[in-house]
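# just need the structure, nothing else, for what follows:
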Amino acid sequence: MKVVIAGSGYVGLVTGACLADIGVDVCCVDVDQQKIDNLQKGILPIFEPGLEDIVNRNVKSKRLHFSTSIADHIKDAGAVFIAVGTPAGEDGSADMQYVLSVADSIGQHLEDYTVVVTKSTVPVGSSEKVRATINKALEKRGQDIPFDVVSNPEFLKEGAAIKDFMSPDRIVVGIDSNRARETMDTLYKPFLLNGYRILYMDIPSAEMTKYAANAMLATRISFMNDIANLCEKVGANVSHVRAGIGTDPRIGRKFLYPGVGYGGSCFPKDVKALLRTGKDHQYPLRLLEAVEAVNDAQKKVLFDKINRHYDQSLEGKTIAVWGLAFKPNTDDMREAPALVLIEALLASGAKVQVYDPEAMKEARKVLSDKVKWAEDVYDSVKGADAIALITEWNAFRLPNWNQIKSLMQTPVVFDGRNIYDDVQLTKAGFIYYGIGQ
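Numbering: from 1, shown residues only. Here you go, the predicted model:
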């Protein structure tokens, strides 16, 4: 089967590369000529562990191609995936303009039966908008070409996207025709043979499943952050509390780690979009309103700790910020908690020195020359009054604390992810602050 992927960003590129790796003939299409030129040279627009190897391998085997034209490749495609961005609008709703633009292009160039697969994260009802847009374009051409629309939301974790695609815990497919199901069965047959679950359902349910999943995970994070903040006030240790509740099989351990709030391209945007959907249907999602409010406040918690430690006087202080990406194993800076901290530190007159193993290039686009860009962990702490750990990269987990201490003005650590042993650091001569401890 030949597949066209419209959109060569995070979701589109991972989907296209992985499908090519199981033998599908894939063409990834994007309107950004520079991005396509770079991909043809083996230069990827994102960092994702393992992705570069898969892309290069399948380009070499001629199963993976890149283009700026849907028209040139849709003719004999069994399926066209829409995997473009749906950024949050000012009112929190998902911006559908790029999705519908692709749908219009499909309608302009469709020649034979094709399954149009919505991979982008879209609100409930969006697949019908895609269908209507394609039909409108076909009517303008005076054509009556059959097609089906399928919802196939992605559940890829940044930093582990290849594993998530190749070994999925579930594949969700929203359909309304047997012919579309046959196409999706053919496409995902290798996963069925390996015993992975494909959950077929109606289209609105598939669209809702994506938002509900991310909203639940965001809820667990905000819940634990709220508990962590209360732990500090009552003298409890959130690490013990987390272990105590996480061993309950009804609760489990995942996504119960307190920290400096969630970020990235999914949770903030999807929570906003689901809240907007609720408002549009006169049903306010009060729990998610609280989830979002807690997360916004949590991104300021580490700054508040730093500010209190220095008696509200940060003028001239130098803070080393460890980690910029919103999570490890990605260079994604969207909604990154590090940006909130850095802007607050700079506004208070502090100097900021930063280091991240992968996100420096992306972060420069936002921070420019506002901060000092360090070469490594040790360069970042030279002359620093304190360290603020934001992203729990492996590179930060076991540094030489004696060397770190010798390079700093004062040995103070603000651990935004609770990855360090407070007793060990205290014995090493550091003043230690965690979250919920």
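# so which residues of the stretch 251-400 of the chain form helices?
Using DSSP state H, counting those that start in this stretch, the helices of the stretch 251-400 of the chain run over 267-280, 286-298, 301-309, 337-347, 360-367, 377-380.
# quick one: the shortest one to chain centroid distance?
Right, the one you point to is helix 377-380. Relative to the chain's own centre, helix 377-380 is displaced by 27 Å; criterion: CA atoms, centre = their mean, to the nearest Å.
# tell me which other helices or strands it touches.
Judged by 3 or more CB pairs under 8 Å, 6 or more residues apart in numbering; DSSP states H and E, the packing partners of helix 377-380 are strand 318-322, strand 351-355, helix 401-407. Quick note: C-beta positions are derived from backbone N, CA and C, even for glycine.
# can you give me the strands for this structure?
Using DSSP state E, the strands of the chain run over 2-6, 25-29, 64-67, 79-82, 114-118, 147-151, 171-174, 198-201, 318-322, 351-355, 372-373, 386-389, 412-415, 431-433.
# I'd say Lys361 and Asp331 touch.
Yes: in this structure Lys361 lies within contact range of Asp331 using CB atoms under 8 Å: 6.9 Å.
# so between these two, which is more surrounded?
Neighbours were counted for Lys361 and for Asp331 using other CB atoms under 10 Å; Asp331 has more, 20 against 11.
# any idea how far that one is from Lys41?
Asp331 sits 19 Å away from Lys41, going by CB to CB, to the nearest Å.
# sorry, back to before: now tabulate the helices and strands packed on helix 377-380 in JSON lines and tack on mean neighbour count.
What follows is the helices and strands packed on helix 377-380, written out as JSON lines (neighbours: other CB atoms under 10 Å):
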{"stretch": "strand 318-322", "mean neighbour count": "27"}
{"stretch": "strand 351-355", "mean neighbour count": "22"}
{"stretch": "helix 401-407", "mean neighbour count": "15"}
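# I'd like these as CSV, with distance to Asp176 and mean pLDDT appended.
Output for those, formatted as CSV (distance: least, CB to CB, whole Å; pLDDT from 0 to 100):
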stretch, distance to Asp176, mean pLDDT
strand 318-322, 49, 98
strand 351-355, 49, 98
helix 401-407, 59, 97
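# possible to save the ones you listed as JSON lines with distance to Arg417?
Putting these into JSON lines (distance: least, CB to CB, whole Å) gives the following:
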{"stretch": "strand 318-322", "distance to Arg417": "10"}
{"stretch": "strand 351-355", "distance to Arg417": "15"}
{"stretch": "helix 401-407", "distance to Arg417": "17"}
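# which among these is found nearest to Tyr196?
strand 318-322 (37.0 Å; CB to CB).
# let me see the contact set for Leu425.
Contacts for Leu425 (CB atoms under 8 Å, 6 or more residues apart in numbering) come out as 401, 413, 432.
# 10 Å instead, please
401, 405, 411-413, 415, 431-432, 434 (CB atoms under 10 Å, 6 or more residues apart in numbering).
# name the nearest of these relative to Leu302.
Asp415 (8.9 Å).
# any buried residues in the lowest-mean-pLDDT helix or strand in the chain, and which?
None of the helices or strands of the chain scores lower by mean pLDDT, DSSP states H and E than helix 189-193, at a mean of 83. Buried residues in helix 189-193, counted by 16 or more other CB atoms under 10 Å: Phe191.
# name the helices or strands packed onto it?
helix 161-166, strand 198-201 (3 or more CB pairs under 10 Å, 6 or more residues apart in numbering; DSSP states H and E).
# give me the pLDDT for Gln197.
Actually, residue 197 is Arg rather than Gln. Residue-level confidence at Arg197 comes out at 87, pLDDT.
# ok, now Ser368?
94.
# what count of nearby residues applies to it?
There are 8 residues near Ser368, going by other CB under 10 Å.
# gap between it and Ile342?
With CB to CB as the criterion, Ser368 and Ile342 are 12 Å apart.
# so who does the residue nearest to Glu52 when sequence neighbours are not counted touch?
Leaving aside its chain neighbours, Glu52 sits nearest to Leu44 (5.6 Å; criterion: CB to CB, 6 or more residues apart in numbering). Shown in contact with Leu44 (CB under 10 Å, 6+ apart): 8, 13, 17, 35, 38, 51-52, 55-56.
# what of Leu341?
260, 299-303, 306, 319, 321, 352, 388, 390, 414, 416.
# let's go with 7 Å and repeat that
Shown in contact with Leu341 (CB atoms under 7 Å, 6 or more residues apart in numbering): 302-303, 321, 388, 390.
# give me the pLDDT for it.
98.
# Leu324 too?
For Leu324, the predicted pLDDT is 98.
# what's the burial count for the closest residue to it other than its chain neighbours?
Setting aside the residues directly before and after it, Leu324 is nearest to Asp356 in space (CB to CB, 6+ apart), at 3.9 Å. Around Asp356 there are 27 other residues, counting by other CB under 10 Å.
# touching, Asp356 and Gly323? I think so.
Yes: applying CB atoms under 7 Å, one finds Asp356 in contact with Gly323, separated by 5.6 Å.
# what residues do the two have in common as contacts?
Joint contacts of Asp356 and Gly323 (CB under 7 Å, 6+ apart) are Thr391.
# ranges for the helices of the stretch 101-250 of the chain?
126-141, 161-166, 178-187, 189-193, 203-234, 238-246.
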